[in-house]
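Peer 1: Sequence first, then the predicted structure:
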Amino acid sequence: MVAAESSDELWSFETDGRIYSSPTVVDETVFVGSEDGNVYAVDMETGEQQWSFETGGAVNSSAMVVDGKVFVGSGDSNLYTVDAETGEQQWSFETGGAVNSSPTVVDGTVFFGSLDGEFYAVDAETGDQQWAFSIRGVRSSPTVIDGTAFVGSNDGNLYALDTETGDQRWAYETGGSIWSSPTVANGSVFIGSQNRKLHAVDVETGDQQWTFETRGAVNSSPTAIDGTVFVGSRDQNLYAVDAETGDQQWAFETGNEVNSSPTVVDGTVFVGSWDDNIYAVDAETGDQQWVFETDGGVFSWPIVVDGTVFVGSFDGNLYAIEAGIKGSSEGSRVLLGTEGHHGDWQYGDQSMSDDHPKGADQQWVFETGGPIDSSPTVVDGTVFVGSRDENLYAVDVETGDQQWALPINVANSSPTVVDGIVFVGGSDFNLYAVDADTGDQQWVFETEGAVSSSATVVDGTVFFNSINDNLYAVDAETGQQQWALPIDVTDSSPTVVDGTVYVGSTNNSFYAVDAETGDQQWVVETTGVVYSSPTVVDATVFVGGSYGFYAVDAETGDQQWVFEAGGVYSSPTVIDGTVFFGSDNLYAVDTETGEQQWVFETDGGISSSPTVAGGTVFVGSSDTNLYAVDAETGDQQWGFETSGAVESSPTIVDGTIFFGSADNNLYAVEAGVNGSSEGSRVLLGTLGHHGDWRYADQSINISPTAFTASYVSRARNNVEWIATGGAGIGVVGGIYLLQKRKGTQQSEQGPSEESDGESSPKSQSETDSSTTPTEQSETDYSSEVNTIRSEAETALETARSYKTNNEFDEAADAYNEALIKYRTALDKVDSGATETRTEIQGSIDSTRDELEAIQSRNEQRNTLIEVLKAAERNFQVGIVAYAQGSQTLARIRFRQARDSFDEAIELLEDSHEDLLSSPVEVSIQTDRQLASTSLSELMVISEAEMAELADSGVKKLDDLEASKEPPWPPATVQSLENKETTNDTVVTTLTILSWRNKTDRCEFDTALSISRRRDQADYGFTQSS
């Protein structure tokens, strides 16, 4: 739709950073903060700067102006008060964390939250603290009415606090972190939550009145007017909801997330979107009136004053736009002062933060339905990449258009492409071979664990890992196993050089394995888990672990040098005598000596693996950026910002960078250099590649083998048998492959479909298990059918008995046996015996229904197991990272763990089956060095504290006994908590470390046990934020 004349730009004011905050207009001056660290005062009519005030951090908090004073928070942990006329500081109040919450001023008191986990009441004149209330991290901004402050918290609760004393009046649990800020109208508090819902709560009691569910987190803050609540969602919609009932009135869809909060003027709703636009929408119908495009995502929410819309954008500009109607913002958030305002009133204002892509020149973006941790591979004009929306995608390299998508649960595995075949692992425990042109599945190889590693293909063999299971060698043509080595491998991907496979493990070891036989050649013990994938150059193996980075002799396993760094999850690449890898920072290290050449710091941990092209190193960071860094000096050349962590490793092809982000997008960005990725990982095929490489010269011909052909013939003759046979059925390139369950035999019936009437080839075991019809008398015939039916009924009763005892795998096997016997009986009944055939067919149908229910339940439980494995693994890594002081990495892993535990809880809630009828055991290798670490070596603890802990029997980590219920500190630590001399950091660290698994197994037997772990992960995330 073409923008109407009523959205004409009046002026724009440029800052040097993105604008999260929302503008406030008082006395013809617009006040707004920027990520460049400044608060600006801008003339409302001309857009000219009046003054600027510099803080020490990003200003994502929105300004509050009362009695000639500007109150605003900063990322430098301070709340500032500035003279509205001159911009001179009057006072500042320091907290222990970033102040993104926007302040509200009522009766001489400033109310605001901080990411240090406190909600503060501060004297507006002096800046003296009146009280503080502990509620974990606070991004939400408060609303104050009738002596009560309402504020949301990262712990998922909406709190009602007495403004005089700070005492809690009530708390309402939403089920997700709260970034939205509350509004109050007609006795109800309205607030959004990251549990995807808008909540209506009784203002007096905190009782739930209703909830309205969207398809995305609700970070937008609602506004209410004339019986309607308007709010945005990350599902890209702006909603109008009945304030009394919670019923939807209409929804308006934008092109991206709506985190901006709406404002209403004279029957028109104004709101911003991540799609770079500001929309004007009819409040009655939801019809678009006009749209105004900026050059960046719009998180800032608009304010309308005298017919002008004021709003900030991630392009760094503050805009003044003609609204097309007269009047100013109205509704609950204006009346309560919880919207960037336009004059004096009783209350205040607020804001929150997120990210949006901007940076180097973007060529195209391809959106999926989930985060992209997988690294892209580019071959023959196609980009192959996996997404956590459980799809493998093929995307046109020039246009970004989808060529095909295959529903495979590809979470972390990156695709490898050889001779027209894509090899990729899945979280469903399978390795897949897929036709690169069509997306048709060729074969599937099943393991006992998630396949998060990326495959390496050498001389017709696929090498890959399955977590906590085996290192596998599989024939690339047939998918048949050649060998398997039982080592506790991680998602480290194997590297193959000169007949040797190099791979890391969870048991603090690194292995060299003979590629032909699977025999171990040597093993090196490290001081931590090896998650990084190795690279090999000049007979030296380079690999990272959870405690450092190693150079090891490729022949003997002897250590050459070790470089101390935080946890190294990034995989290295070597070029021209330098090895590049990520940890908390990006490092360049001399390959000969192990000496640091330079270090490049980002604002987050680096799990992405670097690639090099044209003298530039490219790498992603959890701070949401992709960086280009000079390979010689380590100086930044440019950065490209996305809306999520960049753990995907970039690939460069002909001057274009391809990489994924946790914001669900695959990006193609101009690199600024000519050429393609180079270095050791390209030569060895362990980087998402861009064509043939050293090991991609083998010819792979995937065609039906004699084994396959036999089963194909059976498929053609007995399709229904295949459909109900249950175990190991897979569609392969338009034909069926059938795999027998271990320990069972399956019978086949029906003549061959060969044109000459001859039977299709069978192995001896197939022939032995077949039933060949013979001529029989009617009596013998009837007797035999009855015998087979009796055997089927016995198998059916056995299956039901297994089901009753929660032995579901055994039940599935028995159901399959019953089906086979019923079908054998049916095939022996003459076509004229209609009644008998109907009875048997009825038995087949009911048995099949019971089997399908068991299979569905097993699939759901397997999904639950995989999700819990991923959650617990990230949780334990987060604990180790926190202990090492790697706050950024800890935050990432705790966040991933929390989200996975949330997913597990949703699986339980959505399932009609009892998925925890038997406990789920998760096998996670513990960090043995950390287990025996003395507390005095781990952190700075006073002698008095050490003595008291020692008296309680706590001298090392294994002595800590975790508390299962909040408050979280272990009993032996709680005695320290009340001492004035005790550092809060000590208590927090001991608490988090007490959750470390003492054995290699963790058990989840109830939904409550998962929920507790989820809360612990959220606590770890908050404390490391």
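Peer 2: Yes, it's here.

Peer 1: so where's the stretch 1-150 of the chain uncertain?
Peer 2: Counting by pLDDT under 70, the ranges of the stretch 1-150 of the chain that qualify are 1-6, 136.

Peer 1: again, 80 this time
Peer 2: Applying pLDDT under 80 to the predicted model, the residue ranges of the stretch 1-150 of the chain that meet it are 1-7, 136-137, 139.

Peer 1: got it, and the stretch 201-350 of the chain?
Peer 2: Low-confidence segments of the stretch 201-350 of the chain, defined by pLDDT under 80, span residues 326-350.

Peer 1: what does the stretch 701-850 of the chain give?
Peer 2: 701-782, 806, 809, 827-828, 830-832.

Peer 1: How about stretch 47-58, which residues are buried there?
Peer 2: Along stretch 47-58, the positions that meet the burial threshold by neighbour count (16 or more other CB atoms under 10 Å) are 47, 50-51, 53, 55, 57-58. In this view, the C-beta of every residue, glycine as well, is placed from N, C-alpha and C.

Peer 1: now what about it, what contacts it?
Peer 2: Surrounding stretch 47-58, the residues in contact under the criterion CB atoms under 8 Å, 6 or more residues apart in numbering are 10-13, 17, 20, 29, 34-43, 70, 74-78, 80, 82, 86-89, 98, 318, 320.

Peer 1: Kindly give a single PyMOL line that selects the buried subset of those.
Peer 2: To isolate in PyMOL the members of those that are buried, counting by 16+ other CB under 10 Å, one can use:
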select buried, resi 11+13+20+29+34+35+36+37+38+39+40+41+42+70+74+75+76+77+78+80+82+87+98+318+320
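
Peer 1: quick revisit: what's the farthest-apart pair in the buried residues of stretch 47-58?
Peer 2: Of all pairs drawn from the buried residues of stretch 47-58, the one with the longest distance (CB to CB) is 47 and 57, at 25.4 Å.

Peer 1: quick one: contacts for residue 513?
Peer 2: With CB under 8 Å, 6+ apart as the criterion, the residues that contact residue 513 are 471, 485, 500-503, 519-521.

Peer 1: who wins for neighbours among the residues you listed?
Peer 2: Using other CB atoms under 10 Å as the contact criterion, the top neighbour count among the contacts of residue 513 goes to residue 503, which has 28 neighbours.

Peer 1: how near is that residue to residue 377?
Peer 2: With the distance defined as CB to CB, to the nearest Å, residue 503 ends up 20 Å from residue 377.

Peer 1: where exactly do the strands run in the stretch 151-300 of the chain?
Peer 2: Across the stretch 151-300 of the chain, reading from the start of the chain, the strands by DSSP state E, counting those that start in this stretch fall at 157-162, 168-173, 183-185, 188-192, 197-202, 208-213, 223-225, 228-232, 237-242, 248-253, 263-265, 268-272, 277-282, 288-293.

Peer 1: Could you list every helix and strand in contact with the last one?
Peer 2: Here strand 288-293 is seen to pack against strand 277-282 when contacts are counted using 3 or more CB pairs under 8 Å, 6 or more residues apart in numbering; DSSP states H and E.

Peer 1: What would the strand it packs on look like as CSV? C-alpha coordinates only.
Peer 2: What follows is strand 277-282, C-alpha atoms only, in CSV (Å, rounded to 0.1, in the frame of the first residue of the first chain):
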residue,chain,number,x,y,z
ASN,A,277,7.6,0.8,9.4
ILE,A,278,5.3,3.0,11.5
TYR,A,279,1.6,2.2,10.9
ALA,A,280,-1.6,4.2,11.3
VAL,A,281,-4.5,1.8,11.8
ASP,A,282,-8.3,2.4,12.2
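
Peer 1: List of residues touching it?
Peer 2: Counting by CB under 8 Å, 6+ apart, strand 277-282 makes contact with 6-7, 238, 252, 254-255, 267-273, 287-294, 298, 302, 309, 311, 319, 321, 323-324, all of which sit outside it.

Peer 1: filter those to the buried ones?
Peer 2: Neighbour counting with 16+ other CB under 10 Å marks 6-7, 238, 252, 254, 268-273, 289-292, 294, 298, 302, 309, 311, 319, 321, 323-324 as buried within the contacts of strand 277-282.

Peer 1: In the stretch 351-500 of the chain, where is pLDDT below threshold?
Peer 2: In the predicted model, the stretch 351-500 of the chain carries pLDDT under 80 at residues 351-361, 409-413, 419, 427, 449, 452-453, 467-469, 488-492.

Peer 1: How about the stretch 501-650 of the chain?
Peer 2: Within the stretch 501-650 of the chain, the stretches with pLDDT under 80 are 505-508, 526-532, 545-547, 565-570, 604-605.

Peer 1: same thing but at 70, please
Peer 2: The low-confidence ranges in the stretch 501-650 of the chain, as defined by pLDDT under 70, are 527-528, 531, 566-568.

Peer 1: show me where it has strands.
Peer 2: Listed in chain order (using DSSP E, counting those that start in this stretch), the strands of the stretch 501-650 of the chain are 509-514, 520-525, 535-537, 540-545, 548-553, 559-563, 573-575, 578-582, 585-590, 596-601, 611-613, 616-620, 625-630, 636-641.

Peer 1: Please work out which residues outside the second one touch it.
Peer 2: Which is strand 520-525. Strand 520-525 is contacted by residues 485, 500, 508-514, 550, 552, 556-557, 559 when judged by CB under 8 Å, 6+ apart.

Peer 1: Make CSV from these and add distance to residue 406 to it.
Peer 2: Below are these laid out as CSV (distance: CB to CB, whole Å):
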residue, distance to residue 406
485, 29
500, 32
508, 36
509, 35
510, 33
511, 32
512, 34
513, 30
514, 33
550, 37
552, 38
556, 43
557, 39
559, 42
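
Peer 1: ok, so of the residues you listed, who is nearest residue 389?
Peer 2: Sorting the contacts of strand 520-525 by distance to residue 389 puts residue 485 at the head of the list, at 32.5 Å, by CB to CB.

Peer 1: OK, contacts around the closest one?
Peer 2: Listed by CB under 8 Å, 6+ apart, the contact partners of residue 485 are 470-471, 511, 513, 518, 520.

Peer 1: do you know how far it is from residue 448?
Peer 2: With CB to CB as the criterion, residue 485 and residue 448 are 13 Å apart.
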